[in-house]
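In: Sequence first, then the predicted structure:
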2 protein chains.
Amino acid sequence: MKEKTKQNVQEAELYKKFKRISVAEFFERNRHLLGFDSPRKALLIAVKEYVDNSLDACEEYKILPDIKVEIDRLENDVYKITVEDNGPGIPYENVPEIFGSFLFGSKFHRFISTRGKQGIGASAVTLYSQLTTKEPVEIITKIKNKEKGIKYKIKIDVKTNAPIILEKEEVEVKKESGTIVKAKIIGQYIKGKQSVDEYIRLTALINPHANITYKNPDGEKFVYKRIINDIPELKEVKPHPYGIELGYFDRLIRETKEKTLLNFLTKTFSSVGQNTAIEVLKKAKLDPDTDPKTLNDDQIIKLYNTLQNAKLRAIPAKYIVTLGRDIILKSMENILKPEYMAAIRRKPALYRGIPFIVEVGVAYGGEITEFQYYRFANRVPLLYKPGEDAITHALKEINWKHYGFEVEGEFPKDPMAILVHVASVWLPFTSESKEAIAPYDEIVREIELGIKNALRELSIYIKKKKALETIGDKYKNLYGYGLEVIDSLSSILDIEKEKVEGRVKERIKKELVNDIYEILKSVREVKNLLKEGKDDRAVTLIKNMLKDTVKINLLSEKELEDMIVEVINDVKKNKLNLLS
Amino acid sequence: MKEKTKQNVQEAELYKKFKRISVAEFFERNRHLLGFDSPRKALLIAVKEYVDNSLDACEEYKILPDIKVEIDRLENDVYKITVEDNGPGIPYENVPEIFGSFLFGSKFHRFISTRGKQGIGASAVTLYSQLTTKEPVEIITKIKNKEKGIKYKIKIDVKTNAPIILEKEEVEVKKESGTIVKAKIIGQYIKGKQSVDEYIRLTALINPHANITYKNPDGEKFVYKRIINDIPELKEVKPHPYGIELGYFDRLIRETKEKTLLNFLTKTFSSVGQNTAIEVLKKAKLDPDTDPKTLNDDQIIKLYNTLQNAKLRAIPAKYIVTLGRDIILKSMENILKPEYMAAIRRKPALYRGIPFIVEVGVAYGGEITEFQYYRFANRVPLLYKPGEDAITHALKEINWKHYGFEVEGEFPKDPMAILVHVASVWLPFTSESKEAIAPYDEIVREIELGIKNALRELSIYIKKKKALETIGDKYKNLYGYGLEVIDSLSSILDIEKEKVEGRVKERIKKELVNDIYEILKSVREVKNLLKEGKDDRAVTLIKNMLKDTVKINLLSEKELEDMIVEVINDVKKNKLNLLS
């Protein structure tokens, strides 16, 4: 009896303990899944979520972005973050849910190359703000054809995952359209690698079409001016059958509004045209006019398998937003100020039927003083969790010595920056905080190839540069010996030392100049720059390569400059005949 | 005018695009967040979610677990997973939601040392099953005082995050209580490090109180028998004020059912007794009888800050389930069969006010053939994402050479296994798939200390063992020289070589035995084993240490055994006087 009573108590307990929680409550408890695991990181993530959203909104509405970011230190560890944009504004009725409810957004389930994705970022900042400072977030937004803007103060009711509107009023906004968001959070401001300063710098690097003004809590102001006026064109694409699982395919069939299988296939998916669809349906022994809803389980599985085995073309690359070789070079020059650069864009590759594109820039010397690499996913810099990231995985596969670099630990010790940008209409991240690209084999391999392509070009330059250094040394020695010989000879033969010296020097210089000529003319990048009419950059590049040659004091600055002018004229005249 | 129309179209689009999704839909799209990113991993994760739940349920109801796991290969890549337990069963009405709806569970928001946590795991398997094979999961469960069991077949309606019941019927179940779950998923079965085989082996290692039977798809059967009968005692604990943010504190105040601040403080939190609460309230200038709901914002902030600055004791360690030194040793001996072992349990430490305990076992030689480390979080083996894990971070901090190991790359090349178990009432993971413990500084540091403690003991053994090897070599040489000398002398002095040889050998042997004596007596582990009356294990240990000494052929097996008996008697007689 006693035993039974105990069992009853236990069972009652079992019942009592089961309960449902809201997704907001889940994230409140697991805020590290959103990236808010330390005050230091929280500050960065909050800025990042707002800036990503601003850039996305501008792009979708073809507005050249002007973004202002400001961080103020209030008391103790409390920081106020303000992000202002000239975007299209947010539909007034949607503001509360966008900022005060998880899983409400504009981008979920769209295959599109945007930065943000699933309606989590903005609400995550609100949640973290109310958790740490009890403060709501403030949003002022204005849409173009409305007379007034609107101002909201918003929190989240975590029990129900619903917004709480604390304030709502019409306000005057001078701009035609745009949004300002303000949040007060507990954070920690740091300098260096994983800082907000670095995030903004890299955001400017990968978004050269944006004006970004940034004031950090120390009052330092950074202005990154746009250097191109092309707005990346965002295009939504339908899902590709190869990227879809049976269960999801099943759901698409059951939920479709199309009345025939033919329409279902051609209108739901990318890369399934009229002919392909008819062929697939024929193979699956299904009539194109059948209502999708009437299919039984076996038929659905058969259709799915036939589709998976059909030869379909990939999603066209035009849906993926990349910068391209020229813009990467331009932006690296603007932000990194290197001595030499190379960049490449790979052709689209596929993972799970989803296309992605890798582009890589490498920049060497100049203001770059050590080895570093920058990871970008759909034009967003990634600062955390490098160890999990597909880009780091790929970098570890590189045999650096092969490209002429000296290695220290895993990476070269040369002063070099490597920029890797992976873009796709659907990028897999290792966590909801989107800090690292999941290291799928196909993605890692493709990045590796991209880095190797870019390094190959860089390594030609580096090898030529090292050749120039060797030549400098050679002639320096030659000149030294020459002087010694003259010294002995002059006393024996009673000749005028200074006179002979001059002649020997002239002779050696002439040979040196000839050798340098030969090398410089064969530097492909010099040729390319001149072809593109960028004489100034060619001159700078040559000067950089000759830095060490000047140091040996055989040639004066003036003589070098004269020589460079000659090289350039020479290359220009003969550019088509030169070896690459 | 035209401009305006375009703007209107755009705005309409903006509105149209915003939509809400369910948490099930979110996970359907982001199944890698649940650990289901490859067929290989999916198979492991599915087994793991079910086994974790079975072990948790048994523990909560003080049942010694008997768990049966079976994986069958059906066609192509489809696997059927069956997990059966003798747990308390699941309340019949709750089955559909537990398996067919995310964020419904028994453990969310409880501070308790269980394996599972937030009502996600079981539904994740269902989602993955229907995504990849369109199949529901099957559950048969029985509760003790019910006459019949119940059988369900369940899917998830991802649009609404609600269970779909495809089948529901009463069934005969012979057991008093228990649950069987079956799922069909697309997977990939592999052998080796990240395999299900390995997961089961390590689960047995860290759960020596469980009987686990496992049949893999190749038909191989593994039986891990329980070696202890103690069921870990799970105790729920209230949250500690130090681990709570202002915003959450605010929510607790607004939602409390307590009518006075005094009761609110003492009943809501751990480590806040009557006296502490009164003191805190006095400092915050609040009356203990005040109704919590009447506090204004400033008062809440004041109370929060006072509580954060009060000196509170930590949550008692009894709430954290660990194995303890002896059980770790026993289980390592059972599963790993090493030559030598050491284990330690650290005192509880805190991160964000939440206590956690680190325990470490090190096992050397025997059946262990290479360096490896095993990560455990609340008695669950972690097989993936070692790079992100706090344990790996800590291992990288160890200066292995200092402990007498030879290093190759980052880790020793000695045949050694390191087991690290981190236990807490609330463990932070790097992602919802719970594959790695978040590397919070406090946690990494504590693990590092634990490993160092355990290594210290091991390193004494290893150094002694190496000393024995050196001595062996020394006497081998000595004997060799001796024989040479005798050889020359015998012909010169005309003495009977064999006679002298025998005497020299005896003499050298005696000295060797003396030296070995000294070393063996000082091995603390030998002493400990004898103290605990484990003579057999002491003998085995000594034999292992002397393995190389036997090889030099100076002492016969018999002589060694006699010597060991003497050493043991000697140590026993004098055990209190010996140096450690």
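Out: Alright, I've got the coordinates. Values in this document were obtained by computation on a predicted structure and should not be read as measured data.
In: How about the contacts made by A:A390?
Out: A:V422, A:A436, A:I437, A:A438, A:P439, A:Y440, A:I443, A:V444, A:I447 (C-beta atoms under 8 Å, 6 or more residues apart in numbering or on different chains). Any C-beta I mention is one placed from the backbone N, CA and C, and that applies to glycine too.
In: Now do stretch A:555-567, average pLDDT.
Out: Averaged across stretch A:555-567, the pLDDT comes to 77.
In: Pull it out as CSV, backbone CA atoms only.
Out: Provided in CSV are the C-alpha atoms of stretch A:555-567 (Å, rounded to 0.1, in the frame of the first residue of the first chain):
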residue,chain,number,x,y,z
LEU,A,555,71.6,53.9,-57.5
SER,A,556,70.4,57.3,-56.3
GLU,A,557,66.7,57.9,-55.9
LYS,A,558,66.8,60.1,-58.9
GLU,A,559,68.5,57.4,-61.0
LEU,A,560,65.9,54.8,-59.9
GLU,A,561,63.1,57.1,-60.8
ASP,A,562,64.5,57.7,-64.3
MET,A,563,64.9,54.1,-64.7
ILE,A,564,61.3,53.4,-63.7
VAL,A,565,60.0,55.9,-66.2
GLU,A,566,62.0,54.1,-68.8
VAL,A,567,60.7,50.7,-67.8
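In: ok, which residues in the stretch 351-500 of chain A are in contact with chain B?
Out: For the stretch 351-500 of chain A, the residues found near chain B under the criterion C-beta under 8 Å from any C-beta of the partner chain are A:K385, A:G387, A:E388, A:P428, A:T430, A:S431, A:E432, A:A438.
In: Among the contacts of A:A390, which are located in helices?
Out: Among those, the members falling in helices (DSSP state H) are A:I443, A:V444, A:I447.
In: Neighbour-wise, which one of those leads?
Out: Top of those by neighbour number is A:I447, holding 30 neighbours under the definition other C-beta atoms under 10 Å in any protein chain shown.
In: Surely that one touches A:T392?
Out: No: distance between A:I447 and A:T392: 9.6 Å, which falls outside the contact criterion (C-beta atoms under 8 Å).
In: Show me which positions of stretch A:407-423 end up buried.
Out: Buried residues in stretch A:407-423, counted by 16 or more other C-beta atoms under 10 Å in any protein chain shown: A:F411, A:P412, A:D414, A:P415, A:M416, A:A417, A:I418, A:L419, A:V420, A:H421, A:V422, A:A423.
In: coming back round to it: which of the contacts of A:A390 lies closest to chain B?
Out: The closest of the contacts of A:A390 to chain B turns out to be A:A438 (C-beta to the nearest C-beta; 6.1 Å).
In: I figured that closest one hits A:P428, correct?
Out: Yes: taking C-beta under 8 Å as the contact criterion, A:A438 and A:P428 are neighbours in contact, 4.1 Å apart.
In: mind listing the strands for the stretch 451-580 of chain A?
Out: Counting by DSSP state E, counting those that start in this stretch, the stretch 451-580 of chain A forms no strands at all.
In: Quick check: closest non-adjacent residue to the residue in it positioned nearest to chain B.
Out: Closest to chain B within the stretch 451-580 of chain A is A:I451: 20.0 Å, counting by C-beta to the nearest C-beta. Spatial nearest neighbour of A:I451, excluding adjacent residues (C-beta to C-beta, 6 or more residues apart in numbering or on different chains): A:V360 at 5.3 Å.
In: how much space between that neighbour and chain B?
Out: 23 Å (C-beta to the nearest C-beta, to the nearest Å).
In: from memory that residue sits against A:G450, does it?
Out: Yes: contact criterion C-beta under 8 Å: A:V360 and A:G450 qualify, at 4.3 Å.
In: which residues are in contact with both of those two?
Out: Here A:V360 and A:G450 have A:I344, A:R346, A:V420 as joint contacts, going by C-beta under 8 Å, 6+ apart.
In: Okay, and which of those residues map to helices?
Out: With DSSP H as the criterion, helices contain none of these.
In: right, and out of those residues, which lies closest to B:E135?
Out: Nearest to B:E135 among these is A:R346, at 39.1 Å by C-beta to C-beta.
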